[in-house]
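Student: Just the structure for this:
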Amino acid sequence: MTVRLRILGIDPGSRLTGFAVLDCHQDCATYVASGAVKTVEGAFKDRLRLIFQSINAIVAEYRPDVLAIESVFVHKNASSALKLGHARSAAICATFEFDLEVFEYAPREIKQAVVGTGAATKAQVQHMVRALLKLDGDPSPDAADALATALCHANQRRLQATLRGVKAMAGGVQ
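Tutor: Numbering: from 1, shown residues only. Below is the predicted model of the structure:
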């Protein structure tokens, strides 16, 4: 008997933090919820507090089993990367009281898992997330990135299960 796994996907940002909740059972991922925490106003510490409180409330409501979150990357300037890191930390810390296991994925890894290329555009990610989850419309870019992060984890989980099965069939150590 296989067990349902509920995944919380997070696309961190200091102004918009995307979130998504998927249920995974065997090879099927089912959409539960998604959206974005908007923190465009106020001092930086207040925006971090809002991210923390909002993600904490989302975890309390949906009770995910694991957290999949995009890792920080430095693209253009270090200041932006530091702010992204703070937002990411606020989101992760918001899950501590629920003792979720945390899985981190690089942006290129997420795009590769969902679109098939690590250089995919936001529009391509939105399109593939909509198609894979059979959604009625395109999610917002931040919600789509969070959904893609959750789908990436679902794919990795499925791959690991397959590899364990192959090792077991071959008489290897699990």
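
Student: which residues of the chain fall in strands?
Tutor: In the chain, the segments counted as strands under DSSP state E are 5-11, 16-25, 28-38, 66-70, 101-105.

Student: Any chance you could list what contacts the first one?
Tutor: Applying C-beta atoms under 8 Å, 6 or more residues apart in numbering, the contact partners of strand 5-11 are 17-25, 32, 55, 58-59, 62-70, 88, 91, 95, 100, 142-143, 145-154, 157. Any C-beta I mention is one placed from the backbone N, CA and C, and that applies to glycine too.

Student: Narrow those residues to those that are buried.
Tutor: Among the contacts of strand 5-11, those classed as buried by 16 or more other C-beta atoms under 10 Å are 17-24, 55, 58-59, 64, 66-70, 88, 91, 95, 100, 142-143, 145-154, 157.

Student: Where does pLDDT dip in the chain?
Tutor: Where the chain drops to pLDDT under 70, the residues are 1-2, 74-75, 159-168, 172-174.

Student: how about the helices of it, start to end?
Tutor: Using DSSP state H, the helices of the chain run over 44-62, 78-93, 107-114, 122-133, 141-169.

Student: now those helices as JSON lines including distance to residue 10?
Tutor: Output for those, formatted as JSON lines (distance: least, C-beta to C-beta, whole Å):
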{"stretch": "helix 44-62", "distance to residue 10": "7"}
{"stretch": "helix 78-93", "distance to residue 10": "5"}
{"stretch": "helix 107-114", "distance to residue 10": "11"}
{"stretch": "helix 122-133", "distance to residue 10": "15"}
{"stretch": "helix 141-169", "distance to residue 10": "6"}
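
Student: Tell me which of these approaches residue 13 most closely.
Tutor: helix 78-93 (5.8 Å; C-beta to C-beta).
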